[in-house]
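# Predicted coordinates and the sequence they were generated for:
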Amino acid sequence: MIRRKKLFTVLACACLLPALVPAAPGYAADVKLPVPASAVTASKDDGNLPANTVDGNLSTRWSASGDGEWIKFDLGANKKVSYMKMAFLNGDSRTSKFDIQTSTDNVSFKTVKANAVSSLNAGLQTFDFPDVNAARYVKVIGHGNSANAWNSYSEVEIYGEGAESGEGVLVSTSAELTAAIGKAVPGTTIVLADGTYTQDAPFVVSGKNGTANNKITIKAANPGKAIISGGASLKIQKSSYVTIEGLKFTNTGNTALLLDGSNNIQVTRNRFALPATGKELFWLQVSGANSHHNQIDHNDFGPKSDTGPLIAYEGDGDGNISQHDKIEYNYFHDVGPWVDNGKETIRLGLSKVSLSNGYNTIQYNLFENCDGEPEIVSVKSSGNTVRYNTFKTSKGGLTSRHGHNNEFYGNFFLGDGVETKQSGIRVYGNDHKIYNNYFEKLTETAIHLDSGSFDGGTGGYPPNPTRDQLKAHWKIYRAQVVNNTIVDSKAGIVIGSGKAYAPQDSVVANNIVKNSTGTLYNEAATSNTVFEGNLGYGSTLSNKSRTASEIRNADPIFQTVNGLQKLSSASKAAIDTAVGTYSYIKEDMDGEVRSSAHDIGADEFSTASSFKNRPLQKTDVGPDAP
């Protein structure tokens, strides 16, 4: 407390932070304010108690039906309240509406945020409002949700500061930042004042381990205004439960942020805008042993002209990739000019780690004008999921370049029909699943099961593969291409190429291809691929002799819904006509549950006009998104 007041005095005298310091006694960083279960009350409940909102468990909730029902949190004393985070029952399929009020005496309440509406997100969402310098009670007044009158909140977190709190450490120079990192303990929040932080070496967070409930946080006082620049960068090594929030990276010559042998690191709401140097440069790198459960979310990456990936997963040097990481709600944009290789937006692995299971998820990201090279997202490891992303007017596509058992579903590939090299999904290796994806106006192939230059065998794990074998294009075994929709694109689904090993034991089922040019289902190599239940219309159906039960020539009769070509009530050829059993397909591209008799294509016919999943816009992702 005393040390913080001295720091405040020095900074104020130096006139460094006149706009930053609130009119309250002392300054500390905004931190999560403790609220015991006994301090949460509500107007009523249905047996799901108010205390459930502060138990740290998203699977529990408070619920009450009716407009105006409320839940209230007692902070125990007057504290500055800056913002809240809330999670909602079924938050990824419906929106909730509510007001936020504060009070010092539990009698007179002031509305600080009226008619707030959640976004479609199952996790915690941030709701900001002008800082309230003194509040003991925080009340949320519910106005139901987009489906019914229920108010159901899974978790509520209140952020701010109390005059007595000591968790926040304000820094304004590089030396102070280095010192604060060195002294950080679980629960420490280091707040960077507006300004530039530079030195000739990285700021290093080494051997610092927070906990799930007491993370170590390094954040900007004002998002985007604390800038890591010059020869500086940030390196987190052998650490855990560290959050990096709201910084801007404009440094040169070094990877902006390196996660080395660390776990449970969150990189959130930062801006990466490194200037061009004409040399290869990774912007964010994840590597090292014991790397797992990291999260990269709500960041802005771009523009970028130098070679090297924006995000690169390098492995641990022993053939293993980081596991259980998430890359979500980021905005990747303006990558180019085009090169043949080496300018991926995300590279998830390398050939030398390709046989290791990552169980990583890339989801809800927007890739816009990412024109760097043929592989916008290059998956080079196994057991990963890439879903619900939007690729918009970007040259290149999504490639499973190495590895096995990856899933690609619910993605939107939206071209303009003009710019060259806009493509969809291309894979190599064993047991991949491609389903519920939507492709429109692409100028290259939408889905390509390519032939391989090396046969890794039906099991996929040959003994002691050489370095050159690991780097080769591996023969495909057992790929499944099911329930995708392709419209107005140059090429539909292509099987094989001129390489030596054609795909084997693969399935193409229940897809719709409606193009006006090219061959809709093009078997560029002879294979034993099974075709069933597919529709094609508008151009040459196939270059092989296929029966109507395999590929049927029929107009799906689309209608335009929110800019997408979707099934209409007249789509008799597609509605309830899917064949085969693909138990992993339970929803469509919109996130709607499929009927017992599935429709053909990525879309299950519906009369709805708003959906859980949809093409993402810039406002849905990045540092400023909800």
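Looks like it came in fine.
# what's near enough to touch the most centrally placed residue in the chain?
Centroid-nearest residue in the chain, with Cα atoms, centre = their mean: residue 328, separated by 1.0 Å. Residue 328 sits next to 295, 296, 297, 361, 362, 363, 364, 365 when contact means Cβ atoms under 8 Å, 6 or more residues apart in numbering. Heads up, the C-betas are built off the backbone N, CA and C, glycines and all.
# Including pLDDT and secondary structure, could those residues go into CSV?
As requested, the contacts of residue 328 are arranged in CSV below (pLDDT from 0 to 100; DSSP: H, G, I helix; E, B strand; the rest coil):
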residue, pLDDT, secondary structure
295, 98, strand
296, 98, strand
297, 98, strand
361, 98, strand
362, 98, strand
363, 98, strand
364, 98, coil
365, 98, coil
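# Closest one to residue 558 out of the residues you listed, please.
Of all these, residue 364 has the smallest distance to residue 558: 25.3 Å, by Cβ to Cβ.
# so what's the closest one up against?
Residue 364 makes contact with 328, 329, 388, 389, 616, 620, 621, according to Cβ under 8 Å, 6+ apart.
# quick one: it from residue 334, how far?
Taking Cβ to Cβ, to the nearest Å as the criterion, residue 364 is separated from residue 334 by 20 Å.
# Going by residue numbers, what spans are helices in the stretch 151-300 of the chain?
Counting by DSSP state H, counting those that start in this stretch, the segments of the stretch 151-300 of the chain that form helices are 174-183.
# again with the stretch 401-550 of the chain
Taking DSSP H, counting those that start in this stretch as the criterion, the stretch 401-550 of the chain carries its helices at 467-471.
# which stretches of it aren't confidently modelled?
Within the stretch 401-550 of the chain, not a single segment meets pLDDT under 70.
# do the same with the chain
Segments of the chain classed as low confidence (criterion: pLDDT under 70) are 1-29, 162-167.
# tell me the domain boundaries of it?
Under the assignment automatic domain parsing, the domains of the chain span 31-164, 168-567.
# Need the winner for burial among those.
Ranked by mean neighbour count, the domains of the chain are led by domain 168-567 with a mean of 21 (mean count of other Cβ atoms under 10 Å).
# Work out for me the element the closest residue to residue 340 other than its chain neighbours sits within.
Closest residue to residue 340 in three dimensions, ignoring its sequence neighbours and counting by Cβ to Cβ, 6 or more residues apart in numbering: residue 373, at 6.6 Å. Secondary structure here is read from DSSP states H and E; on that basis residue 373 sits in neither a helix nor a strand.
# Can you report how many residues lie near residue 583?
As a burial measure, residue 583 scores 5 neighbours (other Cβ atoms under 10 Å).
# swap in the one 5 residues further on?
The tally of other residues near residue 588 (other Cβ under 10 Å) stands at 29.
# Could you check how far the closest residue to it other than its chain neighbours is from residue 616?
If the residues on either side of it in the chain are set aside, residue 588 comes closest to residue 604, at 3.9 Å by Cβ to Cβ, 6+ apart. Taking Cβ to Cβ as the criterion, residue 604 is separated from residue 616 by 20 Å.
# of the two, who's got more company?
The residue with the greater number of neighbours, taking residue 604 and residue 616 and applying other Cβ under 10 Å, is residue 604; the counts read 25 against 22.
# I'd like to know which elements the helix or strand residue 379 falls within is packed against.
Taking DSSP H and E as the definition, one finds residue 379 inside strand 375-380. The criterion is 3 or more Cβ pairs under 8 Å, 6 or more residues apart in numbering; DSSP states H and E, and the helices and strands that strand 375-380 contacts are strand 346-349, strand 366-370, strand 396-402.
# Return that strand as CSV; C-alpha atoms alone will do.
As requested, C-alpha coordinates have been extracted for strand 375-380 and formatted as CSV (Å, rounded to 0.1, in the frame of the first residue of the first chain):
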residue,chain,number,x,y,z
GLU,A,375,-1.6,-22.9,-46.9
ILE,A,376,-3.3,-20.2,-44.8
VAL,A,377,-3.7,-22.8,-42.0
SER,A,378,-1.2,-25.6,-42.3
VAL,A,379,-1.9,-28.5,-39.9
LYS,A,380,1.3,-30.6,-39.5
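# Pull the distance from the very next helix or strand once past that strand to the chain's centre.
If you walk from strand 375-380 toward the C-terminus, the next helix or strand you reach (DSSP H and E) is strand 385-387. Averaging C-alpha positions (Cα atoms, centre = their mean, to the nearest Å) puts strand 385-387 10 Å from its chain's average.
# Could you list the paired strands of strand 385-387 along with their orientation?
Counting by DSSP bridges, the strands paired with strand 385-387 are strand 361-363 (parallel), strand 407-409 (parallel).
# quick one: contacts of the last one?
Under the contact criterion Cβ under 8 Å, 6+ apart, strand 407-409 has outside partners 384-387, 398, 400, 425, 427, 432-437.
# at 6 Å what do you get?
Around strand 407-409, the neighbours that count as contacts under Cβ atoms under 6 Å, 6 or more residues apart in numbering are 385, 386, 387, 425, 433, 434, 435, 436.
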